[in-house]
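Visitor: I need the structure of the sequence given here:
(4 chains)
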Number of protein chains: 2
Amino acid sequence: MAGRQVTWKNVRERIHVAILDGVYAPGDKLPRDLDIAEDLNCARTTVQRAMRDLADSGIVERRRKGGTRVRPDPVTRATLDIPDTRKEVEAKCATYGYQLIRRSTELAPRGVVARFGLAGPKQMLRIKALHMADNRPYTFEDRWVSTDTVPEILEVDLATQSANEWLIHNRPYSRFDLRFYADAADTDTAELLDTRVGNALLVIERTTWIGNSPITTLKATTCPGYQLRAGV
Amino acid sequence: MAGRQVTWKNVRERIHVAILDGVYAPGDKLPRDLDIAEDLNCARTTVQRAMRDLADSGIVERRRKGGTRVRPDPVTRATLDIPDTRKEVEAKCATYGYQLIRRSTELAPRGVVARFGLAGPKQMLRIKALHMADNRPYTFEDRWVSTDTVPEILEVDLATQSANEWLIHNRPYSRFDLRFYADAADTDTAELLDTRVGNALLVIERTTWIGNSPITTLKATTCPGYQLRAGV
DNA sequence: AAGTGGTCTAGACCACTGA
DNA sequence: CAGTGGTCTAGACCACTTG
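Guide: Numbering: from 1, shown residues only, chains lettered A, B, ... in the order given. I've put the predicted structure just below:
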């Protein structure tokens, strides 16, 4: 008699539709898991799974004892994957190119030290490099690597392999901070990215740590027209 | 003798650390769930939960019959919450302000029609508005609303309430597309956002649908210095 | 065809937190 | 302190996919 088994995706869809249809408005309380489970004739675990997914998507809020509510202040929640630049370029069916511009050991400026959350100034490895797609500039990176945390980086031939690729495969991180903003191209950047000074460019800043030890911080200035995309 | 019960977070942490320590390198195969469960003396479900979390974070890849592997091309996966502008401003302990600049019904240009994935041109509601924080310009929005999908919007007093707030509370969406890029301020935008022409500004574009019906598309030009943040 | 992850169930207990 | 979500278990079966 009963058709197929009720799956958690069925349940999620059902609840989601009810919310979209306005059966439950923002701020409204939903029935407790157990009641829904009995209603739909499935195990509570199944409802739990569905509800957790809705909560992860930012659609509902769940609290012990407080129950489940439709999120009163809906947010647009997007998952953004920032791939390795080589992969990103190759995914566009373009040829990846990499060029080391400068490599030096310098005293990291205050801004960099602050980004890492360090107390005092530090000597670090600084790398400037250009990533290319089909022989055209793609992004320009200005990177600092903590040689306290990653001393081996000093032995790596960064003319052949980008610091990012080496780090990704040799020094995973446990925590990161990401920022996006717009910036005007300065003289050097404009020349490297083959654009005019003052042009608006998207900048991606990423800082990574392993535990509390800083690994690297990176400012990637993208070429004109670069877009980040996400969606569902 | 056994201490506390093994939790899925314990398991996740344990596997994660093993990966971070290089016990398993990118591309390596991990033991099957059942073996790990026996190893750690817990149920397979618990391992499953931990593994799913690692997979969701982009750290491992799982395939039936194929097993679990450390992701060979690590990505930085971030979750971005784009809140309602009012909430965003208020979260900064600033006073939110809103100003309707223009409201009109126009034939949507090709670009807008294309964003929605529509076939032909359409008459739509266009709204230009300024969001403010502490009486200073915060973002400028240029929005199109599909009056086919949301005819009620025509009855709303958009001078009092922002279209976004009304839509969020009355017309939930099931799908969206998000884009970020940098753009130079044109004359109008520069004046509205109180900056100079040509200044680099971060632009957020969002298009939403309910099912396959377009709801709204929005280009939000942010004030100078605006940053998007994410991280773990 | 067989191996591995994905999911469902039923029941128990835990942990938060609102009344 | 009592109600609700969060998690664990043990076992079963399903669904994909690869060797």
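Visitor: what are the ranges of the strands in chain A?
Guide: A:29-30, A:60-63, A:67-70, A:76-82, A:96-107, A:123-133, A:136-145, A:175-184, A:200-210, A:213-222, A:228-231 (DSSP state E).
Visitor: Those into a markdown table, with extra columns for mean pLDDT and distance to B:Pro26?
Guide: C-beta coordinates here come from the backbone N, C-alpha and C atoms, glycine included. Below are these laid out as a markdown table (pLDDT from 0 to 100; distance: least, C-beta to C-beta, whole Å):
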| stretch | mean pLDDT | distance to B:Pro26 |
| --- | --- | --- |
| strand A:29-30 | 98 | 41 |
| strand A:60-63 | 97 | 35 |
| strand A:67-70 | 97 | 38 |
| strand A:76-82 | 93 | 16 |
| strand A:96-107 | 96 | 18 |
| strand A:123-133 | 97 | 20 |
| strand A:136-145 | 98 | 19 |
| strand A:175-184 | 96 | 17 |
| strand A:200-210 | 97 | 16 |
| strand A:213-222 | 97 | 16 |
| strand A:228-231 | 91 | 24 |
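Visitor: Spit out the contact partners of the one residue in chain A that gets nearest to DNA strand D.
Guide: Residue nearest to DNA strand D within chain A: A:Lys65 (2.6 Å; C-beta to the nearest atom of the strand). By C-beta atoms under 8 Å, 6 or more residues apart in numbering or on different chains, A:Lys65 lies in contact with nothing.
Visitor: same check, this time on the one 3 residues further on
Guide: Contacts were defined as C-beta under 8 Å, 6+ apart; by that measure A:Thr68 touches A:Lys29, A:Leu30, A:Arg32, A:Asp33, A:Met51, A:Ala55, A:Val60, A:Glu61, A:Arg62.
Visitor: Generate a ChimeraX selection restricted to the buried subset of those.
Guide: In ChimeraX, this line selects whichever of the contacts of A:Thr68 come out buried by 16 or more other C-beta atoms under 10 Å in any protein chain shown:
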select /A:30,33,51,60,61
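Visitor: could I get the strands of chain A as TSV with distance to A:Val156?
Guide: Listed next are these as TSV, based on distance: least, C-beta to C-beta, whole Å:
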stretch	distance to A:Val156
strand A:29-30	54
strand A:60-63	46
strand A:67-70	51
strand A:76-82	22
strand A:96-107	10
strand A:123-133	10
strand A:136-145	10
strand A:175-184	21
strand A:200-210	17
strand A:213-222	13
strand A:228-231	29
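Visitor: The ones you listed: which one's closest to B:Thr45?
Guide: For those, proximity to B:Thr45 was assessed by C-beta to C-beta; strand A:60-63 is nearest, at 20.1 Å.
Visitor: Residues in contact with that closest one: which ones?
Guide: Contacting residues not belonging to strand A:60-63 are listed as A:Ile15, A:Ile19, A:Leu30, A:Met51, A:Arg52, A:Leu54, A:Ala55, A:Thr68, A:Arg69, A:Val70, A:Arg71 [C-beta under 8 Å, 6+ apart].
Visitor: what's the distance between A:Gly27 and A:Pro74?
Guide: 10 Å (C-beta to C-beta, to the nearest Å).
Visitor: Between those two, point out the one with more neighbours.
Guide: The neighbour comparison of A:Gly27 against A:Pro74 (other C-beta atoms under 10 Å in any protein chain shown) goes to A:Pro74, with 19 against 12.
Visitor: Is that one in contact with A:Gly58, as I believe?
Guide: Yes: counting by C-beta atoms under 8 Å, A:Pro74 touches A:Gly58, with 7.3 Å between them.
Visitor: In contact with the closest residue to A:Ile153 other than its chain neighbours: list those residues for me.
Guide: Spatial nearest neighbour of A:Ile153, excluding adjacent residues (C-beta to C-beta, 6 or more residues apart in numbering or on different chains): A:Val145 at 5.2 Å. By C-beta under 8 Å, 6+ apart, the residues touching A:Val145 are A:Met124, A:Leu125, A:Arg126, A:Ile127, A:Ile153, A:Ala163, A:Leu167, A:Ile215, A:Thr216.
Visitor: Neighbours of the spatially closest residue to A:Ser174 that is not a sequence neighbour, how many?
Guide: Using C-beta to C-beta, 6+ apart and skipping residues adjacent in sequence, the residue nearest A:Ser174 is A:Ile210, 5.3 Å away. The local packing of A:Ile210 (other C-beta under 10 Å) involves 17 other residues.
Visitor: Roughly how far does the residue of chain A closest to DNA strand D sit from A:Asp56?
Guide: 21 Å.
Visitor: Equivalent analysis for A:Ala185, please.
Guide: To A:Asp56, A:Ala185 is 38 Å away according to C-beta to C-beta.
Visitor: who's in contact with A:Ala94?
Guide: A:Ala133, A:Asp134.
Visitor: Show the backbone phi and psi for it.
Guide: phi -110, psi 160 (degrees, to the nearest 10).
Visitor: distance of the closest residue in space to A:Arg229 that isn't next to it in sequence from A:Thr85?
Guide: The shortest distance from A:Arg229 to any non-neighbouring residue, by C-beta to C-beta, 6+ apart, is to B:Arg179 (5.4 Å). As judged by C-beta to C-beta, B:Arg179 and A:Thr85 stand 19 Å apart.
Visitor: Those two: who's more crowded?
Guide: A:Thr85 (22 against 16).
Visitor: doesn't A:Arg143 make contact with that one?
Guide: No: A:Thr85 lies out of contact with A:Arg143 (C-beta under 8 Å); the separation is 11.8 Å.
Visitor: anything in contact with each of those two?
Guide: With C-beta under 8 Å, 6+ apart as the test, A:Thr85 and A:Arg143 both reach A:Asn164.
Visitor: Chain A against DNA strand D: which residues are in contact?
Guide: A:30, A:32-34, A:44-45, A:48, A:51-52, A:55, A:62-68 (C-beta under 7 Å from any atom of the strand).
Visitor: Which one of the contacts of A:Thr68 is nearest to B:Val197?
Guide: A:Glu61 (43.4 Å).
Visitor: beta partners of that closest one?
Guide: A:Arg69 (DSSP bridges).
Visitor: so what's the closest residue to A:Tyr96 other than its chain neighbours up against?
Guide: Leaving aside its sequence neighbours, A:Tyr96 sits nearest to A:Val89 (C-beta to C-beta, 6+ apart; 4.3 Å). Applying C-beta under 8 Å, 6+ apart to A:Val89 gives the contacts A:Thr95, A:Tyr96, A:His131, A:Met132, A:Ala133, A:Tyr138.
Visitor: Appreciated, that's everything.
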